[in-house]
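Novice: Predicted model, plus sequence, below.
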Amino acid sequence: MMKDVVQNIDRRTLLKGGAALGGGIIATGMPLSQVIWAAEGKVLKVALQFDLASLDPGFNTSGYEVNVMNCLYSKLTHYKSGSEWGWDLEAAEKIEQVDPTHIRFRLKKGIKFTGGYGEMTARDVKFSYERIIKQKSANMPDLGSFDHVEIEDDHTGVFVFKTPYVPVWTLSFPYVTGHIVSEQAVMKATKDGGNFGMKPPAFSGPYVLADWKQNQYTLLTRNPEWSGPKPGFDEIRIVPITDIKTAERAYQAGDVDFATISLDSLATFKSNPPPDTKVEEHPSLRYVFLGMNVDNPKLKDINVRKAIQWAINVPQILDGAYAGQANVATGIIPQGMIGHREKALVPPEGDLAKAKEFLERAGVRDLQLTIDCDNSGIPSIIAQTIQAQLSQIGITVQVNAQDPGSFGTIGQESEGDRWKDVQLFINNNSSLPDPYYYTTWYTKAQVGVWNWSRFSSDRFDEINAKAITIEDPSKRAKLYYEMQDIMEESGAYRFLTNGGTPVVYRTSKIRAATRPDGVPLYLDFKPA
């Protein structure tokens, strides 16, 4: 029987390292035979640019994990697929803004948790949201001024906010913090409501986690207790491929039927696509910048940081890393979003003479620095280009490329003392459709969490808090312009690009569905 399970997985991808589907079914108590049954049905095979480290909505380590969580848990609302940003009801039968600080919801009846944990109730909603605050999760900023949930009955409750919080509809409900977990199951598994990592104690979505092998694959199969709309596939096989070029090769070899491709491969895929392939281009919500740790002794002097800012030629970087297919960023907030600046304070091409002036002002000679990045391809190319550009003003740079899991914690104080050694780093982050999700990671509260530059500004924090209470888009935008000016004036950032998200999928196998920014929504995928 185990042999059948192994054969059911893409051998070339999964058995390469001698892996076999072992360990049985996690947490659900499902008999193995039910997983074998799914092998006969329709299978969705996708590449994911990150290996999973946590499927706990309170403690995820990347946006890629949220793609998987969407299949395993229910949220009150979810993002719509298509080219326009919007949301639909999911676990909520009804949800409404009662006044600026209160939102009432009513759950659909009959949503079950696996493992015998019963029906989802308003208590589970209350627990899921308040747990993020209680556990001081890194996702707390997503909830803004959220305070607590008042329970009215088994299926009805009211979210209470300390102050108005406009991004709740675009961030808190449809994204990671919106996933509802079973209070009973989580408390039993963790004792204190803490991080359950890769061992979810119960599921409430259309799929369950059937198996996971680190750096090899994730296998999702249908949840037999799911009573909602039936998704298109019996199984979803997710292969973590952190290098985007490897993902492209896996797609061409037929190992996966959906993949994100690199911008520098876009022209080739468009002019000569593999058989039965659709190529889609999507604008990206990502933001890529060079960050500088202002607390590092070598970077404490703002003149050194300004020298680095002015020595960097952004179009040159984009030509090398993205074959010129990516936009020049004017800040962290991309075009089409409230708060997008018309231009940066430092011109895209920089100015070497000006850079040298700043270095002279700092009285620095023979400066040697390190630049950290992940080894997923593009960040390494960016780092190497910056290495060459800074050599033009006499700064020697050593590039430290590391796997995304390791890189993802270098600036986090909770992970030890590595943050003290961080000097320069390439930030390549995903984001969401609200400007708050771009700025909130750079407040004082985020120093040593996601604010690896350790940038700190009272004015920035003050207007970041104010901007989320304002509904008028033009008034909101002005505050985000100012915040980006403050970031850039600190010398801690050189904004590079917002990238782009081209994807490919096999039309003979699937009809793909994505958010407007090209991020896949697996539940909306359909067989061809």
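Specialist: Yes, it's here.
Novice: counting contacts, what elements does the helix or strand containing residue 309 pack onto?
Specialist: For residue 309, the element it lies in under DSSP states H and E is helix 302-311. Contact analysis of helix 302-311 by 3 or more CB pairs under 8 Å, 6 or more residues apart in numbering; DSSP states H and E lists strand 287-292, helix 352-362, helix 378-391, strand 493-497 as its packing neighbours. In this view, the C-beta of every residue, glycine as well, is placed from N, C-alpha and C.
Novice: which residues of the stretch 351-500 of the chain fall in strands?
Specialist: Under the criterion DSSP state E, counting those that start in this stretch, strands of the stretch 351-500 of the chain are mapped to 368-374, 396-402, 424-429, 493-497.
Novice: Ok, which of these comes nearest residue 476?
Specialist: Of all those, strand 493-497 sits nearest to residue 476, with 19.9 Å by CB to CB.
Novice: Give me the packing partners of the helix or strand just after the closest one, helices and strands only.
Specialist: Reading on from strand 493-497 to the C-terminus, the next helix or strand found by DSSP H and E is strand 501-506. Helices and strands touching strand 501-506, by 3+ CB pairs under 8 Å, 6+ apart, are strand 258-260, helix 263-271, strand 277-282.
Novice: how does it look with 6 Å?
Specialist: Contacts defined by 3 or more CB pairs under 6 Å, 6 or more residues apart in numbering; DSSP states H and E place strand 501-506 against strand 258-260, strand 277-282.
Novice: Report the contact partners of the residue nearest the centre of the chain.
Specialist: Closest to where the C-alpha atoms of the chain average out (CA atoms, centre = their mean) is residue 63, at 2.2 Å. Contact analysis of residue 63 by CB atoms under 6 Å, 6 or more residues apart in numbering lists residue 430.
Novice: mind running it again at 10 Å?
Specialist: Contact analysis of residue 63 by CB atoms under 10 Å, 6 or more residues apart in numbering lists 49-50, 175-176, 285-286, 429-432, 519.
Novice: ok, now residue 171?
Specialist: Shown in contact with residue 171 (CB under 10 Å, 6+ apart): 141-144, 165, 177-178, 431-434, 436-437, 440, 468.
Novice: Closest to residue 42 out of the residues you listed?
Specialist: For those, the nearest to residue 42 is residue 178 (27.5 Å; CB to CB).
Novice: can you count the residues close to residue 215?
Specialist: 13 (other CB atoms under 10 Å).
Novice: Just give me how far the helix or strand where residue 131 lies sits from the chain centre.
Specialist: Assigned by DSSP H and E, residue 131 belongs to helix 122-134. Relative to the chain's own centre, helix 122-134 is displaced by 22 Å; criterion: CA atoms, centre = their mean, to the nearest Å.
Novice: CA atoms only for it, dumped as PDB, please.
Specialist: Provided in PDB are the C-alpha atoms of helix 122-134 (Å, rounded to 0.1, in the frame of the first residue of the first chain):
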ATOM      1  CA  ALA A 122     -18.100  32.600  17.100                       C
ATOM      2  CA  ARG A 123     -15.900  31.400  20.000                       C
ATOM      3  CA  ASP A 124     -13.400  30.000  17.500                       C
ATOM      4  CA  VAL A 125     -13.400  33.300  15.600                       C
ATOM      5  CA  LYS A 126     -12.800  35.200  18.900                       C
ATOM      6  CA  PHE A 127     -10.000  32.800  19.900                       C
ATOM      7  CA  SER A 128      -8.300  33.000  16.400                       C
ATOM      8  CA  TYR A 129      -8.100  36.800  16.300                       C
ATOM      9  CA  GLU A 130      -7.400  37.400  20.000                       C
ATOM     10  CA  ARG A 131      -4.700  34.700  20.000                       C
ATOM     11  CA  ILE A 132      -2.600  36.800  17.600                       C
ATOM     12  CA  ILE A 133      -2.600  39.700  20.100                       C
ATOM     13  CA  LYS A 134      -2.200  37.500  23.200                       C
END
